[in-house]
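Colleague: what's the 3D shape of this:
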Amino acid sequence: MKLFFRSIIATLALAACNPKTTEEVTVNPDDAKGNGGQSQGKVDDSPELALDPAVRTGTLPNGLTYYIRKHPKPEKRVLLWLAVNAGSVLEEDDQRGLAHFVEHMAFNGTERFEKNTMIDFFEKSGMDFGADVNAFTSFDETVYMLQVPTDDAKLLSTGYDVLEDWAGAVSFDPKEVDKERGVVIEEWRLGRGANQRVFDKQWPVFLAGSKYAERKPIGDKEILETAPVERLKAFYEDWYRPDNMAVIVVGDIDPDAALAEVKKRFSDLKNPEGAPERVNVPVPLLDETRIDVETDKEMSMTQVTLAIKGPATPFLTENDYRDDLVDTLFHGMLRARLDEIRQRPEAPFAFAFSFTNEMGRAVDVFQLFAGAKPGQAEAAAKTLLEEVERVRRHGFLASELERIKADHMRDLERAVTEADTVKGNQYAFGLVNDFLEGHTMLSHADELALAKKYMPEVTLEAVNAYAESWTSRKDRVVSAAGASRDKMPTKKDLQKVVDGISMMPIQPWEDGGAGGSLMAAAPEAGKITKKERIEELDLSVWTLSNGARVVVKPTNFKNDEILFSAFSPGGHSLAPDKSFESAQWADGIIAQSGVGEHDEVALGKLLTGKVVRVRPWINELEEGMQGSASPQDLEVFMQLVHLYFTAPRKDEVAFGAWKGQMDTFFKNRDLNPQAVFFDEFGKAASGGHPRRLPPTSEKIASVQLDTAYDFYKDRFGDAGDFTFVFVGNVDEARLEELAATYLASLPTKGRKEKWRDIKVKPPKGVKKVRVEKGQDPKSFVMLAFHGNTKWSPEIEDDLDMLSEAMSIRLREILREDMSGVYGVFSNGNIDRRPKTEYEYFVGFGCSPENADKLTKAVFELVQKVKKEGIDQDVVDKVKEQRRRGLETDQKENRFWSRQLTEHYRYGTDPRKILELEKMIDRVSSDNIKKAANKYLNEKQYIDALLMPEAGAAEGEGKKAEKAEKAPAKKDEAKKAKKAEKAPAKKAG
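Modeller: Coordinates of the predicted model:
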């Protein structure tokens with residue numbers, strides 16, 4: 001299935017194939033039809049796709065579209081979203097960045113909510129920015145997202161007030177506009193860096209001749225600083241109008257009441273006279289191959305992209321669905337081949353993938369992207385081109401198609417099983433795409449039915465014809481970007497690769513390693529020797545004959561999910577110093593090597609159609625495993641767990657591939673200013689302990705397979721002190737049988753083990769860390785208070801409430817009052833082992849000239865809270881956010897898995913989980929004041945500051961501009977991508 005434009009633009013380093021003469025064809029986005037499965041202009045008389053029947057949709061007389069869907073997850077919550085069919089591509093030249101600026105202003109004053117009172121309302125209602133309140137602006141759209149409780153009629157009504165005001169009553173108070181300029185510019189600043197500079201150069205190459213190339217959502221810094229209020233208002237009045245918007249309501253609601261509310265609130269909105277027509281912006285299709293190579297002295301990862309553009313394809317009929325299904329299966333097979341190549345030591349890239357995405361409303365783009373090994377950009381480009389050519393000449397194999405069909409059908413079946421348990425934002429985003437992209441949102445049941453109907457038509461011939469339809473297109477780009485100090489190809493080098501690919505001898509793909517069984521025979525079963533019940537938690541605890549412990553919590557939160565965790569004391573703290581460099585990587589090496597007789601490639605093929613995931617891990621103090629499974633695949637899952645204990649592979653080929661990949665990730669790490677800064681911070685925090693120093697290519701080169709393998713075998717060779725935790729849709733009787741067979745049979749040595757204190761000594765007093773690196777005008781401040789403490793649930797809760805209260809006040813001061821940051825990080829935690837120690841962090845990015853002023857403001861707040869406590873309205877916000885958060889968390893498997901793992905790790909009573917709601921009542925100004933005096937010791941902290949290199953900040957990046965040929969501004973794609981996957985940032 002195609003990815004959407006806003007979700008992938010941040011990943012583009014752009015590219016693709018053969019040279020042709022230049023001939024421009026402009027695509028009319030409204031007429032673009034067809035893809036590989038259908039020839040252009042062919043009449044599509046297949047049935048239209050049906051919108052999910054659970055959705056009520058319509059259009060008000062003023063043109064506003066609405067979608068309403070009842071959905072029970074999360075309980076007592078509703079999503080209220082506003083989709084505006086307008087983004088940065090509609091800006092005039094003097095409005096660049098104002099579409100996004102308008103989005104910010106929607107949170108800074110409306111008819112009902114003056115200044116920042118909207119944010120105040122959100123917080124008092126228990127809403128968290130990111131999870132409950134968010135927004136994003138992309139090239140073609142702006143989307144506002146609220147999640148509001150439905151068990152309070154007043155809150156629900158106020159949520160509709162907010163949506164209504166966003167749609168037609170944003171104030172644009174000049175004073176608030178000027179205050180918010182600083183915040184928007186700080187968001188621009190956060191995005192600066194090597195990747196953005198490269199993107200700024202390659203984006204216009206990719207979208208040559210299109211307005212998209214000149215309208216990155218973050219805009220032009222000078223315009224952001226100087227644009228008059230009238231130009232923001234003009235954009236809002238032109239495009240925020242009922243015939244250009246949709247209201248989306250998804251959640252635990254009465255659909256009739258929701259529809260009445262939408263009609264009452266939005267029917268009176270008027271379309272302004274003489275408003276500009278909303279037409280989709282065209283993207284020319286050029287009859288040529290464009291090649292681009294960029295270097296940057298701070299680029300830490302070499303990127304290679306191949307891309308081919310073609311007309312956008314619809315998703316409105318059953319033929320469209322069939323074609324989309326072909327695309328999905330095609331990329332599944334191609335990605336599997338690229339991943340198999342990645343696992344070869346000689347591979348020129350550490351990772352690679354392919355996809356088709358929409359580029360604006362006008363074109364689709366077939367893309368392959370690779371993270372190339374240093375100095376191997378040319379080889380990576382050749383490999384990507386070679387694999388595309390291999391498919392073009394020889395196609396795929398029947399065995400590949402059979403596997404990807406099985407996996408895809410299983411995914412669709414699971415979607416049907418979980419249709420009522422997934423979070424509502426999945427449906428809300430589907431309805432956003434239905435409105436903005438014309439991409440019909442099917443029900444999961446209808447999609448499964450269509451897949452069953454059309455899957456037989458997806459033959460090798462159909463998939464291979466699809467490949468041919470793309471490779472024959474003429475608008476292509478091949479691009480590479482890497483570090484200035486690395487060997488990079490020239491444009492001529494890449495052109496030579498492109499020209500030569502058609503003449504290369506290329507053999508058909510060989511598909512091996514898919515046979516056999518996971519286990520030849522089940523092990524001799526052990527026994528469950530003791531059973532305990534904790535009725536209050538519906539919890540079973542079993543002791544196995546080998547000494548291991550199993551904790552089981554059945555739930556009905558998800559129909560097709562069982563979460564698993566396992567842990568045992570020890571970790572690589574027990575590795576001798578001479579073995580440490582190899583021991584610390586043992587888990588990753590084994591995880592990439594497969595199990596038993598099956599390497600990673602063969603294991604993946606063997607598990608086709610199974611929903612199982614197991615990954616062993618080793619940290620400083622423990623070893624364990626993490627995973628998940630479908631209930632119907634639980635035995636296969638248990639077999640995998642057993643094999644990771646008893647039959648890890650020592651695989652020289654996999655080890656060679658692992659080394660090459662790790663070298664790729666770390667070789668140029670020293671070029672990234674943020675990485676260098678946090679490495680120096682880490683050194684300071686650990687007192688320079690040799691086991692806490694950052695990884696390097698030299699250290700990776702010293703890792704020995706035998707040492708790593710032997711250490712892994714030692715750590716997982718005694719299961720007697722392991723605890724296994726299962727949470728989810730568990731059949732206890734079935735799990736009891738499987739635990740006896742696959743867990744109680746694990747070997748034990750009867751060891752009484754404990755981790756070892758490696759004697760890390762944090763710095764005493766005030767430790768200053770200063771790093772000068774980077775050519776952009778950006779800084780980062782990190783403050784870390786630390787020291788010894790005791791532990792109890794109440795003590796840990798005190799630090800948590802302090803962190804939460806400080807987070808609210810720091811945002812209010814540093815962002816809203818001082819306009820000095822885009823966001824601020826505030827978090828505290830207590831480590832109970834090897835010593836009981838606390839840490840409390842404050843971190844934020846800012847302009848270099850503001851770093852001292854903002855840091856001073858942090859300490860002023862620290863002193864105020866230590867002296868006076870915190871305002872009662874902040875206390876109330878923390879309490880309500882906790883209460884509302886706990887309501888939903890307690891209905892999530894991951895919450896129970898995390899809580900149970902922690903209690904059994906430290907030997908505390910898991911019944912304490914039931915007291916979390918009572919703990920909310922402990923939140924008070926007095927407890928926060930006491931915590932501040934205990935934890936915010938101004939004589940014991942780390943003060944770390946990243947500053948740009950000398951002269952880099954002058955003139956807001958003039959040095960960088962000269963060095964990198966005038967890079968343009970940051971786009972908002974990363975933010976949009978996060979919004980697609982459960983937003984994690986403050987709105988705006």
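Colleague: what about the strands in the stretch 51-200 of the chain?
Modeller: 55-59, 65-70, 77-84, 133-137, 142-149 (DSSP state E, counting those that start in this stretch).
Colleague: return the most buried member of the ones you listed.
Modeller: Most buried of the strands of the stretch 51-200 of the chain by mean neighbour count (mean count of other Cβ atoms under 10 Å) is strand 133-137; its value is a mean of 26. The C-beta positions use only the backbone N, C-alpha and C, and glycine is treated the same way.
Colleague: could you say what helices and strands it packs with?
Modeller: Using 3 or more Cβ pairs under 8 Å, 6 or more residues apart in numbering; DSSP states H and E, the elements in contact with strand 133-137 are helix 98-105, strand 142-149, helix 973-980.
Colleague: centre of the chain versus that strand, how much separation?
Modeller: In terms of Cα atoms, centre = their mean, to the nearest Å, the gap separating the centre of strand 133-137 from the centre of its chain is 15 Å.
Colleague: any chance of the strands of the stretch 51-200 of the chain in CSV, plus distance to Lys179 and mean pLDDT?
Modeller: Formatted as CSV, those follow (distance: least, Cβ to Cβ, whole Å; pLDDT from 0 to 100):
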stretch, distance to Lys179, mean pLDDT
strand 55-59, 37, 99
strand 65-70, 34, 99
strand 77-84, 23, 98
strand 133-137, 18, 96
strand 142-149, 20, 98
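Colleague: distance to Asp161 added to the ones you listed, as TSV?
Modeller: Shown next, in TSV, are the strands of the stretch 51-200 of the chain (distance: least, Cβ to Cβ, whole Å):
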stretch	distance to Asp161
strand 55-59	22
strand 65-70	17
strand 77-84	10
strand 133-137	14
strand 142-149	10
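Colleague: out of the ones you listed, flag the one nearest Thr295.
Modeller: Smallest distance to Thr295 across these (Cβ to Cβ): 30.6 Å, for strand 133-137.
Colleague: domains in this structure, by residue range?
Modeller: Following automatic domain parsing, one finds the domains of the chain at 10-29+282-503, 55-271, 528-743, 779-947.
Colleague: thought Trp188 was touching Pro777, still the case?
Modeller: No: the criterion here is Cβ atoms under 8 Å, and Pro777 misses it with Trp188 at 10.4 Å.
Colleague: so these two - more neighbours on which side?
Modeller: Using other Cβ atoms under 10 Å, the more surrounded residue of Pro777 and Trp188 is Trp188, with 24 against 21.
Colleague: hang on, that one packs against Asp220?
Modeller: No: look at Trp188 against Asp220 with Cβ under 8 Å: they stay out of range, at 9.3 Å.
Colleague: next up, phi/psi of Gly845, please.
Modeller: phi -100, psi 150 (degrees, to the nearest 10).
Colleague: actually Ala370, sorry about that
Modeller: phi -140, psi 140.
Colleague: for it, give me its contacts.
Modeller: 303-305, 338, 348-349, 351-352, 380-381, 383-384 (Cβ atoms under 8 Å, 6 or more residues apart in numbering).
Colleague: could I have the buried ones of the residues you listed as ChimeraX selection syntax?
Modeller: Here is the ChimeraX command that selects only those of these that count as buried (16 or more other Cβ atoms under 10 Å):
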select :303,304,305,338,348,349,351,352,380,381,383,384
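Colleague: elements contacting the lengthiest helix in the chain?
Modeller: For the chain, the longest helix by residue count, based on DSSP state H, is helix 318-342. Helix 318-342 sits against strand 349-359, strand 363-372, helix 377-394, helix 398-417, helix 444-454, helix 460-471, with contacts defined as 3+ Cβ pairs under 8 Å, 6+ apart.
Colleague: now Val842, what's its secondary structure?
Modeller: Here Val842 takes the strand state, with states given by DSSP: H, G, I helix; E, B strand; the rest coil.
Colleague: not counting sequence-adjacent ones, nearest residue to it?
Modeller: Leu783 (4.5 Å; Cβ to Cβ, 6 or more residues apart in numbering).
Colleague: which of the helices or strands spans that neighbour?
Modeller: Using DSSP states H and E, Leu783 sits in strand 779-788.
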